[in-house]
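> The amino acid sequence is not available; the structure is as follows:
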């Protein structure tokens, strides 16, 4: 019963928002839209794009209308520093970049376990860690990373 009520209210809200949008477009001498274009609902779905999705990072379902397109790379990135550039150039094995992101909280044990697994591989590692996680790294990783890349604010 609640689903039917919610769907009806959602449809009404979508129509009200469409009317407001149509009025705004009419007042700007723009052509009216056949359907609303900013409030997707069950009665008016529309494709969406994004550069991240919770379902990409966690095991949850996502709308089939959502398309993952990211990440969007900036054109304003600072150039690689001399120290990091020379560290990258001298590596003769694969380089693994480890960034924990902001949506998941690692434990110190998890950081140490990942570090132990990476130490067993023949790879160079660039760690992008918060100060909290960097403190959990063992001394064995010091040879696996450029020191200035161990911590990010």
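Ah, there it is. Bear in mind that the values here come from a model prediction, so they are computed numbers and not experimental data. Numbering: from 1, shown residues only.
> burial count for residue 130?
Neighbours of residue 130 under the rule other C-beta atoms under 10 Å: 13. No exception for glycine: its C-beta is placed from N, CA and C like everyone else's.
> got it, and residue 84?
Neighbours around residue 84, by other C-beta under 10 Å: 14.
> same check, this time on the one 3 residues further on
The number of residues packed near residue 87 is 19, by other C-beta under 10 Å.
> Which of the three states applies to it?
What DSSP: H, G, I helix; E, B strand; the rest coil gives for residue 87 is helix.
> ok, it to residue 99 distance?
17 Å (C-beta to C-beta, to the nearest Å).
> can you give me the helices for the chain?
For the chain, helices defined by DSSP state H occupy the ranges 2-27, 54-57, 82-90, 108-120, 131-134.
> could those helices go into TSV alongside mean pLDDT?
Converted to TSV, these look like this (pLDDT from 0 to 100):
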stretch	mean pLDDT
helix 2-27	82
helix 54-57	58
helix 82-90	82
helix 108-120	84
helix 131-134	70
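> looking at those helices, which is closest to residue 76?
helix 82-90 (18.0 Å; C-beta to C-beta).
> Does residue 124 touch residue 97 like I think?
No. In this structure residue 124 lies outside contact range of residue 97 using C-beta atoms under 8 Å: 9.9 Å.
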